[in-house]
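# After the sequence you'll find the predicted model.
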Amino acid sequence: MKILNTTQTREADQYTISHEPISPINLMERASRAFTDRLLHEIKPISPVNIFAGKGNNGGDALAVARMLHQAGYEVIIWIINFGKATQEFETNLKRALQNELKINYIE
């Protein structure tokens, strides 16, 4: 498995978005689904599952994974580190988490 640094990850995302085409939020959804499916295949998370998220795109991924775990029947508690500017994808996944009535806490 190759681990990408931040620049390589951004370049890979941009390449995928421009060549498939796929929107950034749908790419995030697809990556989060692949991660969640693998996680549930490899281990059975203990419930409740605590998810910590910043307000950038990685935080958007974390919120999508939290929602998917919740939909799989796990109790999920989200902890958002309330620092910095939120990305559009983070905001979209925050709305989706709230629509699914996930428990959200903010760390100031």
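Perfect, thanks for sending it.
# Angles on the backbone of residue 107, please.
Per-residue torsions, residue 107: phi -110, psi 120 (degrees, to the nearest 10).
# does it really touch residue 55, like I thought?
No: assessed by C-beta atoms under 8 Å, residue 107 is found out of contact with residue 55, at 11.2 Å. C-beta coordinates here come from the backbone N, C-alpha and C atoms, glycine included.
# contact partners of stretch 96-108?
In this structure, residues lying in contact with stretch 96-108 by C-beta atoms under 8 Å, 6 or more residues apart in numbering are 63-64, 66-67, 70-71, 76-82, 94.
# Name the residues of it that come out as buried.
Neighbour-count burial for stretch 96-108 flags 96, 97, 102, 104 (criterion: 16 or more other C-beta atoms under 10 Å).
# circling back: for residue 107 and residue 55, list the residues in contact with both.
With C-beta under 8 Å, 6+ apart applied, the overlap between the contact sets of residue 107 and residue 55 consists of 80, 81, 82.
# And the last one, how far from residue 89?
It stands for residue 82. Using C-beta to C-beta, to the nearest Å, one obtains 17 Å as the distance from residue 82 to residue 89.
# ditto for the first one
Taking C-beta to C-beta as the measure, residue 80 falls 14 Å from residue 89.
# Poorly predicted segments of the protein, please.
Counting by pLDDT under 70, the ranges of the chain that qualify are 1.
# Against which helices or strands is the lengthiest helix in it packed?
Of all the segments assigned as helix in the chain under DSSP state H, the longest by residue count is helix 24-42. The elements that helix 24-42 packs onto, with contact taken as 3 or more C-beta pairs under 8 Å, 6 or more residues apart in numbering; DSSP states H and E, are helix 6-19, helix 57-71, helix 88-99.
# I'd like to know which of those helices lies nearest to residue 34.
Comparison of these against residue 34 by C-beta to C-beta identifies helix 57-71 as nearest, at 10.2 Å.
# one step back: past the longest helix of the chain, which element shows up next along the chain?
strand 49-53 (DSSP states H and E).
# Next, the angle helix 24-42 makes with that next one.
Between the axis of strand 49-53 and that of helix 24-42 there is an angle of 150 degrees, by axes from the mean of the first three to the mean of the last three C-alpha atoms, to 10 degrees.
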